[in-house]
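Enquirer: here are the coordinates; sequence isn't available:
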């Protein structure tokens, strides 16, 4: 039962000039979950020959080739032409599609540039994929038992179009294989420890595929096994889930895509607890992460970012003596900050972060990367942690926030 | 004077499993500034055949091929073997290199796993590139007039090694061409307007290469012209710089890599002004951006993130009547927040952001994407702006922060 293969072609000169390619990661995750092995990715400049060569290469090594970008209306949007060339097929103008584009522009009371007609050119034999969020339609082609999907570049247009076409791709190339996928997200544990804990699971599933990724203090673990029926896949997934969750224990904060901040939010909502934060070295990053979750206003009251010591004292009520005796970067100050913000904002729980983010400001006693975090509440509960984080400023800040989110997550349990 | 060409090969199964490939953008920017045209990028899984095929393809279309990743000590680090195979050369064990690795481990009092010996295998004819930040040495090869560079994957090891080898690559493939590069970063202007303003510059420099990238409300513009001597390159760069800065006027906030937050910081330091922020929908993101700059504690006092209305009233002194009459998302509330945080923190300037980030919470009068920003100070100065931002929650928040940074940057002028 070989897994079906997928390959990616990302089109756009900007990808070779400094724009970060986020499509590659986004598409890879979803293709893997649907049972594909992703065998490669190429980024091409806006040159028809290079794009079509990359498509031909991808089609020679994969069952499904996903192309994104280059479907816009301007002269440098060449993906349609390149695909027609790669497959040796013609491009045809589709008047009905053009009328649809005209209607779309009329809705927004915009005039339609003549060059937009390119977007109504469809490769012979292609099925048009509707784009409710933009003017560039996608295209799906079958050739020699393979699939070629052309998607627009903007995420708001590409993401929903891909989610819609993915089940069809999976069915077309399943070869009687039903994927059984399970993902879990962990925090409060180093990648190497997580890896070790998961070793026995991997040993028990020699034919399954596993990925472990660490980023910003969180670890995500993904497993895909293959079954020959949907019923068997459900059973395998349930077994994988049971074994993986047993192996990682309480380090797991959620399944699938659940971020730590959304897991914390769900817990706070369930327990009807409110949260406030006092941040020093993270400068607002904790609040930014918490409020990245839609609807977080139901449990997050706010934060006081006390970058200056006077703000710690006046806005958060940290006793001057604590800063004088222990310094702003200390367990004592972290505890006072957490209690202070809880009291000031009238929250059920207060979280605090204070540390040396670097690159400057470190001393022998308080080196760069030393961070204290604390939680006050709910009720009489108190907790705190000392962290020593290696890495540049952004890594120190990011991991400190993750650790504080995790401490709050545990405290709200 | 054709520009020398570069191609990238990024090695690692994690790049096809959800890890975001940041090397591609980082390397592309630097190669372009050094005068290269980047003609393509491939991401390969940890499979020796696929890696060596990608290297062969890259070598056939580029003068310099930069490979990153796969130089670690474990069985799935296959870049050395793949490069040897792609060039038809042997791999040799270098005892001196191995002794260096042993010394490095001894310094950290670590025992050396036997498998680390792989890291002392060097391709015949390669020059070893020292790695002061890790155990994986890099390698530089010349073959048929082309260069192949192997770099370790971790950014802390890869970045300095690449910066060191880049001038040598540029010289080797310069073909008598000296690049004249200039980059500028803009804010407070839509990409399409920036593009239009720069059109006349592009028309005057038909042989130069230009890139315009928009991200999170900022626009970066890069130009590379080619000269035949270093003196001519300096003159061309000065002319490019003059013409570009004249075209974009005050939209420019900095040259090169200068972020808006670092430009704001430089201005505040120069004028000896302190800053405080009141954030609602951005939840701390403004403070996080400002404090991403090392040394920002010299001018940034802190922020009050008033997610709940009670926090706006009690911690920032926003009159209840303003929220009752105009709502929390209003120009009036933004002005009161800016004045309130300035007063509370005793700052020279107060900045505020309040809006509807979405996806929920929008109404007919106050739709998702409506954001008000305001600045109070220095002195009697006051300014404010109403924004209507299209896009998902993260885009609304990110652009609101950029707009507020820009408003503060202008106010501090």
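Expert: Yep, it's here. The structure displayed is predicted, hence computed values, not measured ones. Residues are numbered from 1 along each chain as shown, chains lettered A, B, ... in the order given.
Enquirer: around chain B, pick out the residues from the stretch 101-250 of chain A.
Expert: Neighbours of chain B within the stretch 101-250 of chain A, by C-beta under 8 Å from any C-beta of the partner chain: A:156, A:211, A:213, A:215, A:220, A:222. All C-beta atoms are positioned from the backbone trio N, CA, C, and that covers glycine.
Enquirer: which of those are buried? Put it as a PyMOL command.
Expert: Of those, the buried ones can be selected in PyMOL as follows, counting by 16 or more other C-beta atoms under 10 Å in any protein chain shown:
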select buried, chain A and resi 211+213+220+222
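Enquirer: please, where are all the strands along the stretch 51-200 of chain A?
Expert: Using DSSP state E, counting those that start in this stretch, the strands of the stretch 51-200 of chain A run over residues A:64-68, A:91-93, A:121-123, A:127-129, A:138-143, A:146-151, A:178-187.
Enquirer: tell me the buried residues in the fifth one?
Expert: Right, strand A:138-143. Buried residues in strand A:138-143, counted by 16+ other C-beta under 10 Å: A:138-141, A:143.
Enquirer: check what pLDDT the residue lying farthest from the centre of chain A gets.
Expert: The C-alpha centroid of chain A is most remote from residue A:321, which lies 43.1 Å away (C-alpha atoms, centre = their mean). If you check residue A:321, the pLDDT there is 96.
Enquirer: roughly how far does it sit from residue B:90?
Expert: When distances are taken as C-beta to C-beta, to the nearest Å, residue A:321 and residue B:90 turn out to be 69 Å apart.
Enquirer: let's have the residues of the stretch 101-250 of chain A next to chain B in TSV, adding secondary structure.
Expert: Formatted as TSV, those follow (DSSP: H, G, I helix; E, B strand; the rest coil):
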residue	secondary structure
A:156	helix
A:211	strand
A:213	strand
A:215	strand
A:220	strand
A:222	strand
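Enquirer: distance of residue A:373 from residue A:362?
Expert: 18 Å.
Enquirer: and what of residue A:394?
Expert: Distance from residue A:394 to residue A:362, by C-beta to C-beta: 16 Å.
Enquirer: leaving out the residues flanking it, which one is nearest to the closest residue to chain B within the stretch 51-200 of chain A?
Expert: Taking C-beta to the nearest C-beta as the measure, the stretch 51-200 of chain A has residue A:156 as its residue closest to chain B, at 6.8 Å. Nearest non-adjacent residue to residue A:156, counting by C-beta to C-beta, 6 or more residues apart in numbering or on different chains: residue A:133, 5.2 Å away.
Enquirer: repeat for residue A:349
Expert: Using C-beta to C-beta, 6+ apart and skipping residues adjacent in sequence, the residue nearest residue A:349 is residue A:377, 4.1 Å away.
Enquirer: cool, and residue A:386?
Expert: The shortest distance from residue A:386 to any non-neighbouring residue, by C-beta to C-beta, 6+ apart, is to residue A:372 (5.7 Å).
Enquirer: list the neighbouring strands of the helix or strand hosting the one you found plus their orientation.
Expert: Taking DSSP states H and E as the definition, residue A:372 sits inside strand A:370-376. Strand A:370-376 sits in its sheet next to strand A:349-355 (antiparallel), strand A:382-388 (antiparallel), going by DSSP bridges.
Enquirer: got the contact list for it?
Expert: In this structure, residues lying in contact with strand A:370-376 by C-beta atoms under 8 Å, 6 or more residues apart in numbering or on different chains are A:281, A:329-331, A:333-335, A:337-339, A:342, A:349-356, A:362, A:381-389, A:396, A:400, A:403-404, A:407-408, A:411.
Enquirer: just the buried subset of these, written out for ChimeraX, thanks.
Expert: A single ChimeraX command selects the buried members of the contacts of strand A:370-376 (16+ other C-beta under 10 Å):
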select /A:281,329,330,333,334,335,337,338,339,342,349,350,351,352,353,354,355,356,383,384,385,387,389,396,400,403,404,407,408,411
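Enquirer: where along chain A do the helices fall?
Expert: Under the criterion DSSP state H, chain A carries helices at the ranges A:23-33, A:48-61, A:79-87, A:95-107, A:155-172, A:191-204, A:230-248, A:260-271, A:285-290, A:309-316, A:320-326, A:331-345, A:393-411.
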